[in-house]
Structure formats: structure tokens, C-alpha cells
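Participant: Need coordinates for the following:
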Amino acid sequence: MAESIAARIAKLERMTTSELRQEWRKVIGGVPTSFNRRFLYKRVAWAVQAKEYGGLSARAQARLEELLPYAEQWMPMGRRGLADPPPATATVSPTPGTVLTRTYKGRTVAVLVRDDGRFEWDGEIFESLTAVAKAVTGSHWNGNLFFGLRPARRRA
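Facilitator: Next comes the predicted model:
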């Protein structure tokens, strides 16, 4: 039995990210949120072994519960870091017909929000404000941040 588990884990090691994501669905269930190949490999390999040999012992589980309050002291997010991440907030697009303006390097940039949800600047149509910001600056910017629709995050 141990040999078949070892062979299965060796097979996981050779899988692509896509294959590991499929294996995750079979072994763990649900849709994996990560696309990091190494993370997927480790989690699936652990799950394969846990199903075969059993998960953590009751003693190990009890010890984790005992240590958790101490871990919370040094965890940046405390117990919240263990929970599922909050759902992503939907980006609210400005109302069609709105003209967004921003002064950049002494030049006023005016972008029209079109009825179809796209954006018009300098006679060109863009799919997103980020694309407009990149065309204006020549480098990647978050469009909502560039046009002041979202405040910049403050660093602590």
C-alpha cells in the first residue's frame, strides 16, 4: 500500500498545474483557488496520504488547538487569516455619459464613459480604464486609481 501511495505522489510531482487542479477536484473536492503548482502539489499529496493513512491524530489536533492562541499573537491577521478570504468586491463602473478627467504631466485627460460600458479617449475606444491609463502613461496603472475612483491604499 505504501508503495502505491509513493507511486501516486511521484505521479503528482510530474503533473502540470492544470492536471493538479483536476486532481484537486477529485481528491479534495471543490475548485482550487490557487494556480501555484507547488502549492497544489503539496496540498493534493497531503490529501492523498491523509485519505489512505488518516488525517491528523486526535492528539495532534488537540495540540494544534492548544497552540492556536499563541500563534494568533504573531499572525498578522490573527484568527481571520485562517478563515476563507472575503469575496471580491465588484467594481462599480461610472455612469454612461460621465466624463472622467485627470491632469497628467500638465495635460488634461478626459475620458467619456460610453453606453456600452467601454471608454473613449483621444478618439480611441478602450475596454477598461486600466487600458486608458496605460495608453496615457505608457505604463501599467489601475484605471480606477488613476482616475481617482478608488483611493490609494495606505501602507502601515
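
Participant: where in this protein is pLDDT low?
Facilitator: Regions of the chain meeting the criterion pLDDT under 70 cover residues 1-3, 72-92, 151-156.

Participant: Tell me which residues touch residue 147, please.
Facilitator: The contact partners of residue 147, by Cβ atoms under 8 Å, 6 or more residues apart in numbering, come to 100, 102, 111, 129, 133. Every C-beta, even on glycine, is put in place using the N, C-alpha and C of the backbone.

Participant: Can you name the helix or strand that the last one falls in?
Facilitator: Which is residue 133. helix 129-137 (DSSP states H and E).

Participant: buried stuff in that helix?
Facilitator: Within helix 129-137, the residues that qualify as buried by neighbour count (16 or more other Cβ atoms under 10 Å) are 129-134, 136.

Participant: Which one of these is nearest to residue 65?
Facilitator: residue 130 (44.5 Å; Cβ to Cβ).

Participant: Test my guess that the closest one contacts residue 140.
Facilitator: Yes. Using Cβ atoms under 8 Å, residue 130 is in contact with residue 140, at 7.5 Å.

Participant: how far away is residue 66 from residue 28?
Facilitator: If you measure residue 66 against residue 28 using Cβ to Cβ, to the nearest Å, the figure is 26 Å.

Participant: higher neighbour count, those two?
Facilitator: Per other Cβ atoms under 10 Å, whichever of residue 66 and residue 28 has more neighbours is residue 28, with 17 against 9.
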